[in-house]
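**Student:** coords below, sequence missing:
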């Protein structure tokens with residue numbers, strides 16, 4: 001196993017695959033790197049893909065003494081880039097991973113190429129909140145309820161192994177709560193205009209966990225951000241929508257590291 005060391009000493013497990021410009025994939029709330037397994041090979045055909053386990057998930061350490069935050073998860077992601085030896089990478093975050101990637105764009109711009117924010121929000125204070133029913137499913141981690149919010153019934157039936165990989169959750173309820181509170185505590189609204197990276201906002205039009213109107217809100221705050229809605233797709237669009245990976249690959253091809261100056265930190 002390969003390990004990164006966070007700034008507080010926590011060990012973070014990571015893996016790499018493929019060759020090409022580096023692409024960091026950041027998983028959602030309480031999910032390990034296996035959440036990206038169904039699309040890993042497709043991305044690795046074009047990029048050096050870097051995946052990792054958030055603290056509290058997978059093989060990474062699982063401290064409980066301090067609260068987690070999306071801002072802290074972003075620092076963990078930078079520690080992973082350091083361990084791999086990558087100065088700059090594209091970053092693609094899904095759901096809470098998209099919240100983490102917002103902090104990468106805000107506070108770690110020199111480490112970024114392009115930024116893809118998938119099915120995410122600027123935080124509940126300014127974003128469009130999910131319904132109470134969807135939030136109850138998320139807090140309870142009811143598997144059947146989660147599956148229905150993530151993917152279509154047909155895809156779930158035809159891909160049971162892939163479904164298991166994207167729903168590998170910590171067994172410790174304390175870790176589930178730490179991740180839930182970190183995601184719910186996210187708020188970057190005032191700082192989003194600092195993001196200078198070319199940004200793609202990717203969202204399913206039928207997303208009930210993070211309603212698609214959040215993509216337009218983010219676009220209002222991030223200069224020149226592109227919005228791409230996937231018609232009929234749910235929250236887990238990246239695994240069951242046939243066009244999602246290609247949209248990301250094409251966006252990255254239009255914004256290669258070789259044609260971008262190193263990102264700069266911009267004051268809001």
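**Tutor:** Arrived safely. These numbers were taken from a predicted model, which means no experiment stands behind them.

**Student:** mind giving me the packing neighbours of the helix or strand of the chain with the lowest mean pLDDT?
**Tutor:** Lowest by mean pLDDT, DSSP states H and E among the helices and strands of the chain is helix 132-140, with a mean of 86. Packing contacts for helix 132-140, counted by 3 or more CB pairs under 8 Å, 6 or more residues apart in numbering; DSSP states H and E, involve helix 143-150. The C-beta positions use only the backbone N, C-alpha and C, and glycine is treated the same way.

**Student:** let's see that with 10 Å instead.
**Tutor:** Using 3 or more CB pairs under 10 Å, 6 or more residues apart in numbering; DSSP states H and E as the contact criterion, the secondary-structure elements in contact with helix 132-140 are helix 143-150, helix 173-184.

**Student:** may I see those arranged in a markdown table, with mean neighbour count as well?
**Tutor:** Supplementary listing: the helices and strands packed on helix 132-140 in a markdown table, determined by neighbours: other CB atoms under 10 Å:
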| stretch | mean neighbour count |
| --- | --- |
| helix 143-150 | 18 |
| helix 173-184 | 18 |
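
**Student:** returning to what we had before: tell me which residues in the least confident helix or strand of the chain are buried?
**Tutor:** 134, 135, 137, 138 (16 or more other CB atoms under 10 Å).

**Student:** for the nearest residue to residue 51 once chain neighbours are set aside, give me its contacts.
**Tutor:** Residue nearest to residue 51 in three dimensions, not counting chain neighbours: residue 33, with 3.7 Å by CB to CB, 6 or more residues apart in numbering. The contact partners of residue 33, taken as CB atoms under 10 Å, 6 or more residues apart in numbering, are 13-15, 25-27, 40, 49-54, 57-60, 165, 168.

**Student:** returning to that earlier point: who touches the least confident helix or strand of the chain?
**Tutor:** Residues beyond helix 132-140 that count as contacts (CB under 10 Å, 6+ apart) turn out to be 29-30, 95, 124, 129-131, 142-149, 176-177, 180, 183-184, 207-211, 235.

**Student:** just want the angle from it to helix 143-150.
**Tutor:** In this structure, helix 132-140 runs at an angle of 130 degrees to helix 143-150, with axes from the mean of the first three to the mean of the last three CA atoms, to 10 degrees as the basis.

**Student:** roughly how far is helix 132-140 from the heart of the chain?
**Tutor:** Relative to the chain's own centre, helix 132-140 is displaced by 20 Å; criterion: CA atoms, centre = their mean, to the nearest Å.

**Student:** that helix to helix 173-184, inter-axis angle?
**Tutor:** Comparing the axes of helix 132-140 and helix 173-184 via the same axes, to 10 degrees yields an angle of 140 degrees.

**Student:** thinking again about what came up before, and the pLDDT for the residue nearest to residue 51?
**Tutor:** According to the prediction, residue 33 has pLDDT 97.

**Student:** for the buried residues of helix 132-140, give me CSV that also has distance to residue 256.
**Tutor:** Rendered in CSV, the data for the buried residues of helix 132-140 read as follows (distance: CB to CB, whole Å):
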residue, distance to residue 256
134, 37
135, 39
137, 39
138, 36
